[in-house]
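# Turn this into a model:
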Amino acid sequence: MTTNLPTRLTEWSEGSGCGCKIAPAILDQILNASGSFSQKDPRLLVGNSTKDDAAIYQVSDDLAVINTVDFFTPIVDDPFDFGRIAAANAISDVYAMGGKPVFANAILSWPVEKLAPELAAKVLEGAKSICKTAGIELAGGHSIAAKDPIFGLSVNGIINPRKIKTNGGSQSGDLLFLTKPLGIGVLATALKRQKIQEQDYLNLVDTACRLNAIGTVLGNHEEVHAMTDVTGFGLLGHLIEMADGAGLSAQLEIDKLPLIEGIQEYINQFIFPDNTYRNWNGYSAKSKGVVGMDLVKLCDPQTSGGLLISVAPENKAWFAETMNLHNQVIWEIGRFVDKGDFVVEVV
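Reported below is the predicted structural model:
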């Protein structure tokens, strides 16, 4: 598929979507050097120290506010779709904490002398459409004129402090579930190289724009021990963060990983993000059993990927019934086990 748009937004960035994140090791270096992990306020219930999806600050016994900010360079050429994907991705961080989003502000960087302001307006329209679906207002924001187009949201949410789902609450024996198939980064790279087929592009947009709203539902249930969303560090990176946070290891069943239809053809042509290798280099020492090109499935940077959910095994039937009740597709992909020599073992 080649785009018929007069301007290809993906030409304006080397990476795209969450694939343009700073590498995990470098990010840790930055945060450590700046003292960002040393936070003292007791009302800051979730901060940098746990590498979680959003910050949470307690206001009262029954109310805490959630705040997250997420933005990136274009992942698709269509500005409306770019806005939709960026908004869904940012709102997902609130869902991943088990919270309810309440409003958002936009972050816009735009090369106004090179890209028409009308394109930026389309980006905002796309974001507003997703905010409307999520039941929130795009209340305001901030914009700058710069050389690279960048867009995202700062999203605010609310939650009962007793119902927070962090990425580090898993228990040994918990089952692992994923709510979206993998491969968004592969398809985005195929688009950037103008190799993507039309149906595959539709699959990319459909997957990335799908809201993880089930997270708000799961925040009300103690049977769910932990959640995170799978984004720029790939499934392997975010699973390692979950396991490390809980002091556990995880077993991942490679044959059970859901893939967006059609991505294997692109992998066979070595079409996948360069930052797939960045993720692999960052996490390979903590993993065991990864064979050949399976590393692409595990380390492909996702943009607005699915929720990774940890559920007590005795509640498997309840979880399946609840997901079915809310028309939420899920895949069981592994389990947490007692701490071993490796953080993640692929079987």
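
# which residue ranges form the helices in the stretch 151-300 of the chain?
Taking DSSP state H, counting those that start in this stretch to define them, one finds helices in the stretch 151-300 of the chain at 184-192, 198-209, 214-218, 234-246, 263-268, 275-283, 294-299.

# and the shortest one, how far out from the chain's middle?
Taking the mean of its C-alpha atoms, helix 214-218 sits 15 Å from the chain's own mean (Cα atoms, centre = their mean, to the nearest Å).

# Could you chop the chain up by domain?
9-163, 175-346 (automatic domain parsing).

# closest to G169 out of these?
Nearest of the domains of the chain to G169, taken as Cβ to Cβ: domain 175-346 at 4.0 Å. Where C-beta positions appear, they are placed from N, C-alpha and C, glycine not excepted.

# mean confidence score for the closest one?
Averaging pLDDT along domain 175-346 gives 96.

# about what we covered before: reformat the helices of the stretch 151-300 of the chain as CSV; add distance to Q328 and mean neighbour count.
Output for the helices of the stretch 151-300 of the chain, formatted as CSV (distance: least, Cβ to Cβ, whole Å; neighbours: other Cβ atoms under 10 Å):
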stretch, distance to Q328, mean neighbour count
helix 184-192, 18, 28
helix 198-209, 14, 18
helix 214-218, 5, 22
helix 234-246, 18, 24
helix 263-268, 22, 17
helix 275-283, 27, 22
helix 294-299, 22, 23
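
# In a markdown table: the ones you listed, plus distance to S154.
Formatted as a markdown table, those follow (distance: least, Cβ to Cβ, whole Å):
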| stretch | distance to S154 |
| --- | --- |
| helix 184-192 | 22 |
| helix 198-209 | 19 |
| helix 214-218 | 18 |
| helix 234-246 | 21 |
| helix 263-268 | 31 |
| helix 275-283 | 24 |
| helix 294-299 | 28 |
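
# so which of those helices gets nearest A121?
Taking those one by one with Cβ to Cβ, helix 198-209 is closest: 18.8 Å.

# Identify the residues contacting the closest one?
If you take Cβ atoms under 8 Å, 6 or more residues apart in numbering as the criterion, helix 198-209 is touched by 1, 17, 75-76, 81, 84-85, 88-89, 130, 180-181, 183-184, 187-188, 190-191, 196, 260-263, 266, 303-304.

# Make sure I85 is indeed in a strand.
No - if the criterion is DSSP: H, G, I helix; E, B strand; the rest coil, then I85 is helix and not within a strand.

# which is the next helix or strand following the helix or strand harbouring A90?
Per DSSP states H and E: A90 is located in helix 79-96. Note on helix 79-96: by DSSP H and E, the next helix or strand toward the C-terminus is strand 100-110.

# Pull out the buried residues from that next one.
The neighbour-count check on strand 100-110 (16 or more other Cβ atoms under 10 Å) flags K100, P101, V102, A104, N105, A106, I107, L108, S109, W110 as buried.

# Hmm, the fifth one is touching I136, no?
No - counting by Cβ atoms under 8 Å, N105 sits too far from I136 to count as a contact (10.9 Å).

# sorry, back to before: what's the angle between the helix holding A90 and strand 100-110?
If you take axes from the mean of the first three to the mean of the last three Cα atoms, to 10 degrees, helix 79-96 sits at 140 degrees to strand 100-110.

# tell me what helix 79-96 is packed against?
strand 63-72, strand 100-110, helix 117-134, strand 150-159, helix 198-209, helix 214-218, strand 224-229, strand 307-311 (3 or more Cβ pairs under 8 Å, 6 or more residues apart in numbering; DSSP states H and E).

# Next one: W110 from V155, what distance?
Distance, W110 to V155, by Cβ to Cβ, to the nearest Å: 20 Å.

# Alright, that wraps it up for me.
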